[in-house]
Structures are given as C-alpha cells and as structure tokens.
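Q: Got a predicted structure plus its sequence, pasted below:
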Amino acid sequence: MSAATQPVPIAEAEAASAPAPLIMPAPLVMPAPLVMPAPLVMPAPLVMHVFPTFAVGGAQVRFAALANHFGAEFRHIVVALDGDTGCRERLDPGLDVTFPPVAAPKNAMLANAWRFRSLLRRWRPDVLVTGNWGAIEFAMANLPPLTRHLHVVDGFGPEERETQIARRVLIRRLVLGRGKVIVPSRNLERIATEIWKLPSRVVRYVPNGIDLTRFGAAVREPRTGPPVIGTVAALREEKNLGRLLRAFASLARDRPAIMEPARLVIVGDGDERVPLTALANELGVADRVTFTGHRGDTPALYAGFDLFALTSDTEQMPLSVMEAMASGLPVVSTDVGDVRAMLAPENLPYVGARDDAVVAGLLTTLLASPGERTRIGAANRAKAERDFDQAVMFNTWRGLWTGAG
C-alpha cells in the first residue's frame, strides 16, 4: 500500500471533517446614554406700567383684569407717580409684581425724564407701558428707545376737557410717534390722528372688555320697592356727580308723585366725597342718597339698580357703562365720548346734553316706565355680549405686551 493510499487514522479524519470552532464576536459595547442639558428656562417677560395714579379707576381695573388673567405669563413693575396704590387690592396675591416708589416732582419735566431713563436702564423691562399725559415723562425717558413702548390714552383731566393744550399736543406729537398709542375709543382715535397728527400706523384702537359672566350672574329679582337710580364712579370733579344730585333733587321737588320714593346710590370714593355729601344735605335729599364708598361687590350692587346714570363732563369708553349694560340695565347718560356708540339703539333717546334739567327729564321718563326699562336693559345686555367680551381684549393685550400684535 503506497503512502498515498495509507488510511488516515480515525482521530485525524474526525478532526479534519469537524467544523471550524465558532468564534464569538467581541461583546457590543453600548455608548453611555446621552445626557441632554436641562432646558434653559427664560424668565417671563417683564412689563413696566407707569400710571399717574394707581387708585381705583378704569385703566387700573383693566390692568388688574389683564394681570390676573395672564398670571405667571408676565412679570410686572407698577409705578404710581402719586404714590397711591389703592387698586393693588384687586391683584391676585400670587402675581410677580413690584411697586417701587418713584418720586416725580412737579415742573421738572426734563430732570424727571433724565432720572427715569436711568431707571429704565436699571430695570430693563421688555416693554414700557405709560398711561395718559401724567406719565408722559416716562415716555420721554425712552427716547432714544431703550425698550418697546406702548402709550395708553384713556382720557383727559379737567384742564383738557373742552380743548387740547397746544404745548401738550406738540410734545405728544414729538414723543409718541415711535411706539404704539393704544386708545379704547373712536373719539380718542380721532384726536390722536387728527389733532396730535400721529401716523395712523402708530394708533391702535383696542376697546375695553368685561367679564360678562360675572356681571350677568347676579339675579335681578322683580322689584316692588322704591326705584333705585345707581351710579358707579371715582368721585372726581370731571364725573360731575353734583349734576346727578341736582337732577335727583329737582325730581323730588318738582315731581313728587313720580320721584318722592326713589333712592340714589353712589358707589365709589375720591376727593369729591366730602363736598358731594355736603351738597346732598344742602339740597335736602341726604336721607334718600347713599354713598357706599369703594366696594368690591359691584355686580350685586348693579343688580339692585333700576337704572344707571352717568353725568360726566368728559369720558371716553366708560367701564361703568359696559358693566351696567352687562347687568341688563338701561342707562341715562350725558353725551360724552363713545357712549352713543356703546349703547344699544333702544337706549339712545336717553343720552342727552350735559345739563341738569335734561338729565332730570330723562330720569323722569325712565322712572315712569318699568316696561321700557326692562326692554332697554335686555337690548343693552345683548349688545354687551356682542361687543364687549373680555376674551377678545385679553388676546389683543397679550400680543401687545409680547410684541406679537
């Protein structure tokens, strides 16, 4: 047997025919989990509000409603130039809001503006919101601009009740043309564009809104007692509540069959409280006039009125009229600001001249017609639901504060 044909030993044959040993791959090493950095939390936008006063009034109540609604979405600095922070009680205690004292000496416009500019640099707000002529020095302080600026015009003091002061018109024209000027009434829109000569792109009409549910919640029970005329106002000179007292007194004197049992309720407080109380005594109607002072339960008070009266010498878009409408009340009013545009058509015959006798006549007509009061009140409520829902106001102001609108 040759070597080529020699048999292969069994062990070798088995070894030759055995499969190659299985080589396991190196274990897969997983990379360490990727640790994402914590997201950067940006602070809420800081809005700086400058009020001539933060006493309770239309502009201040509107701000409180906005701030409470937005909650932690914004931080706030509130400057009350007269030191009065009475409307502070309407703010949710959980809000991030500070009230730094800021002195504003009279007749020192340029010096005040220079000092206020240093405050803007220190506080670095995302947006500056100034209100009315009383805060114009802070608007001046933002020139050249350090931040976005909104100037809100809600009305005028007694000195500009009938006509605009030329020097102020010029300053407004020079100072307010770089930001946005917010007005709640068409009358103010006309003044800003036609008298101040501000570009229309600068002026923004933003009507006020109210909580329709809150003012519609109080149940108006059928009334069997004496009719109640009510008003809600800051007791200031331009509200001319003396006119309302004199009209009320003339009704009691000249039309006792209609007016003798009626009552007048004046809700609010202010510098005119003492002279108005004295006038009620002088007119002989103090026993039928109630001064409630400042009250937080105004929806319930509106529910106790039979009609609402506004006798101001000047207004723009009075919040009290919207509240009365939302409460289903008819309104007797002087013909001021946007009142005619606000009220339902059915109510317009009861808007008249700024005259004691005219107001007395309108009150007499409505007091003598309960059915008319009910009809007009229902029409006013329906118009308030269409035009004054605060949800629209909230969305608009969010855009203004953030710069998105």
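A: Received the coordinates, thanks.
Q: and Asp389, how far is that from Thr193?
A: 27 Å (Cβ to Cβ, to the nearest Å). (Each C-beta comes from the backbone N, C-alpha and C, glycine too.)
Q: Same check on His151?
A: 14 Å.
Q: same question, Arg386
A: 26 Å.
Q: Same drill for His151 and Thr193, tell me which one is more crowded.
A: Neighbours per residue (other Cβ atoms under 10 Å) separate His151 from Thr193, with His151 holding more: 28 against 16.
Q: what sits against the residue sitting nearest the centre point of the chain?
A: By Cα atoms, centre = their mean, the chain has its centre lying nearest to Arg62, at 1.8 Å. Each residue near Arg62 by Cβ atoms under 8 Å, 6 or more residues apart in numbering is listed here: 208, 319, 393.
Q: So the last one: helix, strand or coil?
A: Secondary structure, DSSP: H, G, I helix; E, B strand; the rest coil: Met393 is helix.
Q: And for it, nearest residue in space, chain neighbours not counted?
A: Residue nearest to Met393 in three dimensions, not counting chain neighbours: Gly209, with 3.4 Å by Cβ to Cβ, 6 or more residues apart in numbering.
Q: ok, now the first one?
A: For Asn208, ignoring the flanking residues on the chain, the nearest one in space by Cβ to Cβ, 6+ apart is Pro184 at 5.0 Å.
Q: OK, contacts around the one you found?
A: Counted by Cβ under 8 Å, 6+ apart, Pro184 has contacts 154, 205-208, 316-317.
Q: let's go with 7 Å and repeat that
A: In this structure, Pro184 makes contact with 154, 206-208, 316-317, judged by Cβ atoms under 7 Å, 6 or more residues apart in numbering.
Q: To what extent is the closest residue in space to Gly304 that isn't next to it in sequence buried, counted in neighbours?
A: In this structure, Gly304 finds its nearest non-sequential neighbour in Val228, 6.1 Å apart by Cβ to Cβ, 6+ apart. By other Cβ under 10 Å, 16 other residues sit near Val228.
Q: before we move on, what about Ile165?
A: There are 13 residues near Ile165, going by other Cβ under 10 Å.
Q: Now do the contacts for it.
A: Glu159.
Q: And for Leu329?
A: 302, 305, 307-308, 377, 380.
Q: mind putting those in a markdown table, neighbour count and secondary structure included?
A: Converted to a markdown table, the contacts of Leu329 look like this (neighbours: other Cβ atoms under 10 Å; DSSP: H, G, I helix; E, B strand; the rest coil):
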| residue | neighbour count | secondary structure |
| --- | --- | --- |
| Tyr302 | 24 | helix |
| Phe305 | 24 | coil |
| Leu307 | 24 | strand |
| Phe308 | 23 | strand |
| Gly377 | 25 | helix |
| Asn380 | 26 | helix |
